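Asks: Okay, sequence plus prediction incoming.
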Amino acid sequence: MASYELSSTLARFLDKHLCFPLLEFLQDKGVYNEEDIMRAKIALLQNTNMVDFAMDIHKELYQTDEVPATMMERRTEVVNRLRSLQKAVDPIIGCLSNSNVIRNFRHVQDRAFNLQFLKEEFDIGPEQIEALYQFAKFQFDCGNYSMASELLQAYKPLCTTSERNMSVQWGKLAADTLTQNYEAATEALLRLRESLDNQSFATPLMQLQQRTWLMHWSLHVFWNTENGKNALIDLFLQPAYMSAITINAQHLLRYLAAAVVVNRKRRNVLRELIKVIQQESYEYSDPITQFLECLFVHYDFDGAQQKLIECESVIEHDYFLTAIKSEFLESARLFIFETYCRIHQCINIDMLSERLNMNKEAAEKWIANLILSARLNAKIDSKAGTVVMGMQSSSMQESLAEKAKQLSVRTFTLANAVVGAPATKA
């Protein structure tokens, strides 16, 4: 379902290096012509230092051992730049490799002390410190993400400006993500979010843009960590970030909707989510958001069933969601079943199997397992081919609320009777 494929939209908010996994995925899935994907990779690599990688793709694409002269010239530039930076950065790297030096640092609390300490003890000044930052950036552009992460971590206690500190945090998040060190990436993401929310030098427009970027970059982290879906819901539903979605990136509603569907403990946000989906449907909708609209707004079970079939294809071809396809379909069927049961007391299994997009035998087994696991007040009548829903008993809270309501009505009635009673004569 290429019409719902979002990689070109997402790429506008991602670092070029974070786009490579998406292109690799699309190439494996065969969503687009393979030659077009390879050309896109070369275009993406043009402004990086990964020249050898670009040359390899060019040779494979055009079935030749020759490469353009521009690529060879670019390779020479990169090698010369590497030698120059290596020479400039050797003294400070040697110094920071000494654990005694790091032990004397006061880290981010007192950067001025750290700079003075390096100058007095090792004669390392601003030029060498700037070279360290440029070397980290160079290594990142070469695809050496692990080294870039280490260098940026070493540079942090020496960074003196807010703007540069933000740049370091973005780089650290990208480097840790691309090395699939998701624990470190989660920590970097939380720190970056805190910095974005507390920065004083950024204009409102810049804050809006940065929050939009952060949500896109966070997709790489949240969909690869255990509690990531919960964290995604918490972040995206924050008022400042939801504003960024509705203004800049309505397509992110797909990922918020998917996270809510598969996270049964977060049903409490469903109403808020559906409200936003309805408001933004004129700007963006896809089978995932349409499924929730069909089911919870229009109570269109036939429409929900059709959208669920379409969801399967959309998720299959989405880099971030493909791993949760079976989990999503299972949770979506549960949504359909629960919603249908709320408005019907006797349900035909044949009809329900169609709604769930399953055969009758599989549907009956699925319903039986659901009744047991969720302890539903229901039973299956195999002879009649129906599911019979029992009367749902009220919870203790509901019973107390009802009794309080009745007591309030009685009190009101008695009070009116006393006030309205005629006075007795002496």
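Replies: Yep, it's here. Numbering: from 1, shown residues only.
Asks: switch to C-alpha atoms for all contacts and neighbour counts from now on
Replies: Will do.
Asks: Name the residues that touch stretch 15-34?
Replies: Residues outside stretch 15-34 that contact it (CA atoms under 8 Å, 6 or more residues apart in numbering) are Ala2, Ser7, Ala11, Ile37, Lys41, Leu44, Ala174, Leu178, Trp217, His317, Tyr319.
Asks: Pull the most distant pair out of those residues.
Replies: Greatest spatial distance in the contacts of stretch 15-34: Ala2 and Ala174, 27.2 Å, computed using CA to CA.
Asks: Which of the two has more residues huddled nearby?
Replies: Neighbour totals were compared for Ala2 and Ala174, and Ala174 leads with 27 against 10 (other CA atoms under 10 Å).
Asks: which stretch of helix or strand covers the residue lying closest to that one once chain neighbours are set aside?
Replies: Computed as CA to CA, 6 or more residues apart in numbering, the closest residue to Ala174 that is not its neighbour in sequence is Leu18, at 7.3 Å. Secondary structure from DSSP states H and E places Leu18 in helix 16-29.
Asks: could you dump that helix to CSV, C-alpha only?
Replies: Written as CSV, here are the backbone C-alpha positions of helix 16-29 (Å, rounded to 0.1, in the frame of the first residue of the first chain):
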residue,chain,number,x,y,z
LYS,A,16,20.0,11.7,6.9
HIS,A,17,21.7,8.9,8.8
LEU,A,18,18.5,8.0,10.5
CYS,A,19,16.9,7.6,7.0
PHE,A,20,19.2,4.8,6.0
PRO,A,21,17.4,2.1,8.0
LEU,A,22,14.1,3.1,6.4
LEU,A,23,15.6,2.8,2.9
GLU,A,24,17.1,-0.6,3.7
PHE,A,25,13.7,-1.7,4.9
LEU,A,26,11.9,-0.5,1.8
GLN,A,27,14.4,-2.2,-0.4
ASP,A,28,14.0,-5.5,1.4
LYS,A,29,10.2,-5.2,1.2
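Asks: can you give me how far that helix is from the chain middle?
Replies: 17 Å (CA atoms, centre = their mean, to the nearest Å).
Asks: what is the mean pLDDT for it?
Replies: In this model, helix 16-29 has a mean pLDDT of 95.
Asks: What residues sit buried inside that helix?
Replies: His17, Leu18, Cys19, Phe20, Leu22, Leu23, Leu26, Gln27 (16 or more other CA atoms under 10 Å).
Asks: One more: stretch 58-68?
Replies: His58, Leu61.
Asks: how long is it from one end to the other?
Replies: Distance across stretch 58-68, first residue to last, is 9 Å (CA to CA, to the nearest Å).
Asks: Which residues does that stretch contact?
Replies: By CA under 8 Å, 6+ apart, the surrounding residues in contact with stretch 58-68 are Glu35, Met38, Arg39, Ile42, Met55.
Asks: Please indicate which of these are buried?
Replies: Buried among those by 16+ other CA under 10 Å: Met38, Ile42, Met55.
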